[in-house]
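# Structure of the sequence below:
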Amino acid sequence: MSYRDVVSRRVLTWALVAVGARMPVAMAPLALVFLVRERPGGYALGAALAAAYVIGEIVGAPVLGMRLDPGRARPHLAAGLVAGAAGFTGLGVFPGASPALLAASAFLAGAGPAAAPGGLRALLTSLVPRHAAAQALSVESMLTFGVWAVSPAAVTGLALGAGPRFPLLLQAALMAAAALGLWLLPAGWAADPAGPGTGGAARLRVLARAWPVFVTGAAGLSLLSLAELVLPALLEQRGIGVGWAGPLLTAMSVASAVGAFVYGLRSWPGRLATRSVVLMAGMSAAVCLVALIPAAPGMAVALAAAGLLQSGAMLTRNLSLREALPPHALAAGYSVMYAAVGAGYAATGSLAGALLPLTTPSTAILAGVALTLLLTAVGWWGEIRTARSARSAGAGAGADVGVGTGAAGAEGAPVGSGGDAQRGL
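All right, here's what the predicted structure looks like:
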């Protein structure tokens, strides 16, 4: 296994476009809080704007992702990025506007480009040989975690050094540049001409069969929600300075990037569903240790372990989705996954927020871990059940439902089969 197959000028161009499209997303929640924090009730308004932004992402990702045409994805993706740039521009140019107008701009900024992550991921895997899909997705994960590690410092420095509107204006400029950069990349990716129908109803049926992967995806980011939202309260409970939250979360992001790199270095044994469960169980154990360890150094080690395992869990979910879906539905599937992980983040964060006034932060984290393990178990059961149904139905029935016709499955292995290791996934 090697990263040599993903090193090319086109992948480098893709990476620059991806940074322009994703850094505004990573910056958005904190930038919205800084934008209005000096207004009366500013922090509550900032939280409401961040919620409007996330709701826009959750709504926009499946709706717009379902409409992507694999062969002509560029105009669709560019229009979404331009819409996002317009939303961020409205926020940056009119920071004193009414809350309703700001919320509408935040919703547009989240919804417009919500199909871009899925479309760009599908485009990336089309730029590399089929056997290098795991390495390509590992590169994407490293890039994503790097962006998320840098974004908080960028927002804070600009907001405090230049003014609270400047992070939003930078986000608008980055998204507009990403829209232009799409014209340096292929217009789309090849769909499977022999696959099932590509109409909305047919695509929806195909996506519905991948529901276990979406449930597991929601479980994965729910743990990140616990780490980000409850960590400051947990530090206060332990008598540790809240200022340590930033360095601890940065350590987690760096460990995630390292984990993504290591995952792409070799093939790993076992089915993707099994790997996902093992990684999620290990990540859950690490987050439990964060809740139980009393000292900052131990918490840092536990968070780093959680980040290391998180990237592997995320990659197994993306690879499972590539097996479960045919190429024409991949971008839509990635977009639905994007919405699912956002919903998981919101659900666990809401649970922890509701519990914090009633119990200790450590107990709230443990309750969130229990919810995560429940979602993981449901997703694992669904994937195993789907794989058994596909095997019992035979190869012909598997082709009818799109199983084994995805970019990874095109080589003839049904979902969850031993073909995973043969393909190096």
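
# And the strands in the stretch 151-300 of the chain?
Residue ranges of strands cannot be listed for the stretch 151-300 of the chain, since DSSP state E, counting those that start in this stretch assigns none.

# which of the residues in the helix or strand harbouring residue 78 are buried?
With elements delineated by DSSP states H and E, residue 78 resides in helix 73-93, which encompasses its position. Using 16 or more other CB atoms under 10 Å as the burial criterion, the residues of helix 73-93 that qualify are 73-74, 76-78, 80-92. Placement of C-beta: from N, CA and C, glycine included.

# I'd like the next helix or strand past it.
Using DSSP H and E, the next helix or strand after helix 73-93 towards the C-terminus is helix 99-111.

# other SSEs contacting that following helix?
Applying 3 or more CB pairs under 8 Å, 6 or more residues apart in numbering; DSSP states H and E, we find helix 99-111 packed against helix 9-36, helix 42-65, helix 73-93.

# worst average pLDDT in these?
Among these, helix 42-65 carries the lowest mean pLDDT, a mean of 86.

# Grab the CA positions of that helix and hand them over as PDB.
As requested, C-alpha coordinates have been extracted for helix 42-65 and formatted as PDB (Å, rounded to 0.1, in the frame of the first residue of the first chain):
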ATOM      1  CA  GLY A  42     -25.100  38.200  21.800                       C
ATOM      2  CA  TYR A  43     -24.000  34.700  22.900                       C
ATOM      3  CA  ALA A  44     -27.600  33.400  22.700                       C
ATOM      4  CA  LEU A  45     -28.000  35.000  19.300                       C
ATOM      5  CA  GLY A  46     -24.700  33.500  18.200                       C
ATOM      6  CA  ALA A  47     -25.900  30.000  19.200                       C
ATOM      7  CA  ALA A  48     -29.100  30.600  17.300                       C
ATOM      8  CA  LEU A  49     -27.300  31.600  14.200                       C
ATOM      9  CA  ALA A  50     -25.000  28.600  14.500                       C
ATOM     10  CA  ALA A  51     -28.100  26.400  14.800                       C
ATOM     11  CA  ALA A  52     -29.600  28.000  11.700                       C
ATOM     12  CA  TYR A  53     -26.400  27.300   9.800                       C
ATOM     13  CA  VAL A  54     -26.300  23.600  10.900                       C
ATOM     14  CA  ILE A  55     -30.000  23.200  10.000                       C
ATOM     15  CA  GLY A  56     -29.200  24.600   6.600                       C
ATOM     16  CA  GLU A  57     -26.500  22.000   6.200                       C
ATOM     17  CA  ILE A  58     -28.700  19.100   7.400                       C
ATOM     18  CA  VAL A  59     -31.600  20.200   5.000                       C
ATOM     19  CA  GLY A  60     -29.400  21.100   2.100                       C
ATOM     20  CA  ALA A  61     -27.100  18.100   2.000                       C
ATOM     21  CA  PRO A  62     -29.600  15.400   1.100                       C
ATOM     22  CA  VAL A  63     -31.900  17.700  -1.000                       C
ATOM     23  CA  LEU A  64     -29.100  19.100  -3.200                       C
ATOM     24  CA  GLY A  65     -27.000  15.900  -3.100                       C
END
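
# Which neighbouring elements make contact with that helix?
Here helix 42-65 is seen to pack against helix 9-36, helix 73-93, helix 99-111, helix 116-126, helix 327-355 when contacts are counted using 3+ CB pairs under 8 Å, 6+ apart.

# how about 7 Å then?
If you count contacts as 3 or more CB pairs under 7 Å, 6 or more residues apart in numbering; DSSP states H and E, helix 42-65 packs onto helix 9-36, helix 99-111, helix 327-355.

# can you put those in CSV and add mean neighbour count and distance to residue 371?
Putting the helices and strands packed on helix 42-65 into CSV (neighbours: other CB atoms under 10 Å; distance: least, CB to CB, whole Å) gives the following:
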stretch, mean neighbour count, distance to residue 371
helix 9-36, 22, 22
helix 99-111, 21, 24
helix 327-355, 23, 6
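
# just so I know, which of these lies nearest residue 166?
Residue 166 sits nearest to helix 9-36 of all these, at 9.2 Å, using CB to CB.

# Export the helices and strands packed on helix 42-65 as a markdown table, with columns for distance to residue 244.
Listed next are the helices and strands packed on helix 42-65 as a markdown table, based on distance: least, CB to CB, whole Å:
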| stretch | distance to residue 244 |
| --- | --- |
| helix 9-36 | 17 |
| helix 99-111 | 30 |
| helix 327-355 | 19 |
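
# returning to what we had before: which of the helices and strands packed on helix 99-111 sits closest to residue 215?
Nearest to residue 215 among the helices and strands packed on helix 99-111 is helix 42-65 (14.7 Å), distances taken as CB to CB.

# Out of the helices and strands packed on helix 42-65, flag the one nearest residue 122.
With CB to CB as the measure, helix 327-355 is the member of these nearest residue 122 (4.2 Å).

# what residues are up against residue 122?
Contacts for residue 122 were tallied using CB atoms under 7 Å, 6 or more residues apart in numbering; they are 189, 330, 331, 334.

# Please tell me how far the first one sits from residue 215.
It refers to residue 189. Between residue 189 and residue 215 the distance is 26 Å, computed by CB to CB, to the nearest Å.

# just the third one next, same as before
As judged by CB to CB, residue 331 and residue 215 stand 20 Å apart.

# Give me the buried positions along stretch 355-375.
If you call a residue buried by 16+ other CB under 10 Å, then stretch 355-375 has these buried ones: 355-356, 361-362, 364-369, 371-373, 375.

# Out of those, which is nearest to residue 234?
Checking the buried residues of stretch 355-375 against residue 234 with CB to CB, the nearest one is residue 361 at 4.1 Å.
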